[in-house]
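Sequence and predicted model, in that order:
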Amino acid sequence: QAEKEITPDEFYLSVTINEKDSKGKISIQTQERAMLDALKKLGVDTQKQLRVVDMSSEYFKKGNALAWKQFQLKLNTPEQVAQVFGSLNDLGISNVSMEKVTHSQLDQYKNEVRIAAMKSAQANAQTLAGAIGQKAGKCFYIYDSNNDVVPYYGNVFMARSMKAAVANDAAEAAGLDFKTIKLKYSIQAKFVLE
């Protein structure tokens, strides 16, 4: 077995703007422009980091139905997450939630941990073979059942909820902590005894 904890560097937020929040008084377009301006002021590259996920169509509005638009926003630091939550909250955009927390090099780290697990299996085999005056030779069997294992993220937030962070002042909100991502893999291997 081997394991590694990594600090996340990709945070995906789901942001929904909705005419319902303003009781139909502020259009989707006005809310979207305000959101884009606020994000740009925070240094977010909206062309690369923000994408539309879903929306209602103005053409299909019937009666008193209200329009809405959902976005996915990718951020790279907990400080950005806290700033964006605070800024959007100030604009009256309260339908913001954490969608996913991950790492940009997650696949590379997964492979590193699997390799470490294999090396651990070999070291254990050498130790146990040495106890009976033998050596572990060539490996003739490897079973890796970890191909589709999802990393353990635990609870995304460690110290306090996002609402609490938004309610605190900016300096304290910038200290928002996220749990590390824990990668843990097991390898089963068999070696020839020499």
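Sure, I can see it.

Now do the contacts for residue 192.
136-140 (C-beta atoms under 8 Å, 6 or more residues apart in numbering). Quick note: C-beta positions are derived from backbone N, CA and C, even for glycine.

Tell me which residues of stretch 68-78 come out buried.
68-69, 71-75, 78 (16 or more other C-beta atoms under 10 Å).

CA atoms of stretch 96-107 as PDB?
The C-alpha coordinates for stretch 96-107 follow below in PDB (Å, rounded to 0.1, in the frame of the first residue of the first chain):
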ATOM      1  CA  VAL A  96     -23.400  29.600  -5.600                       C
ATOM      2  CA  SER A  97     -22.100  26.200  -4.600                       C
ATOM      3  CA  MET A  98     -19.000  24.100  -4.600                       C
ATOM      4  CA  GLU A  99     -19.200  21.500  -7.400                       C
ATOM      5  CA  LYS A 100     -15.800  19.800  -7.300                       C
ATOM      6  CA  VAL A 101     -12.400  20.200  -5.700                       C
ATOM      7  CA  THR A 102      -9.500  18.500  -7.400                       C
ATOM      8  CA  HIS A 103      -5.900  18.900  -8.500                       C
ATOM      9  CA  SER A 104      -4.600  19.700 -12.000                       C
ATOM     10  CA  GLN A 105      -1.900  16.900 -11.800                       C
ATOM     11  CA  LEU A 106      -4.200  14.300 -10.200                       C
ATOM     12  CA  ASP A 107      -3.500  11.600 -12.800                       C
END
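
re the thing from before, looking at the buried residues of stretch 68-78, which are in strands?
68-69, 71-75 (DSSP state E).

Need those in a markdown table (columns: pLDDT).
Converted to a markdown table, these look like this (pLDDT from 0 to 100):
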| residue | pLDDT |
| --- | --- |
| 68 | 84 |
| 69 | 88 |
| 71 | 94 |
| 72 | 95 |
| 73 | 96 |
| 74 | 96 |
| 75 | 96 |
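
what would these look like in a markdown table with distance to residue 92?
Formatted as a markdown table, these follow (distance: C-beta to C-beta, whole Å):
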| residue | distance to residue 92 |
| --- | --- |
| 68 | 14 |
| 69 | 15 |
| 71 | 16 |
| 72 | 20 |
| 73 | 17 |
| 74 | 23 |
| 75 | 20 |
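
Would you point out the most distant pair within the residues you listed?
68 and 75 (21.9 Å; C-beta to C-beta).

Now for residue 119: which residues touch it?
By C-beta under 8 Å, 6+ apart, the neighbours of residue 119 are residue 2.

where's the most centrally placed residue in the chain, which helix or strand?
Centroid-nearest residue in the chain, with C-alpha atoms, centre = their mean: residue 101, separated by 1.0 Å. For residue 101, the host element (DSSP states H and E) is strand 96-102.
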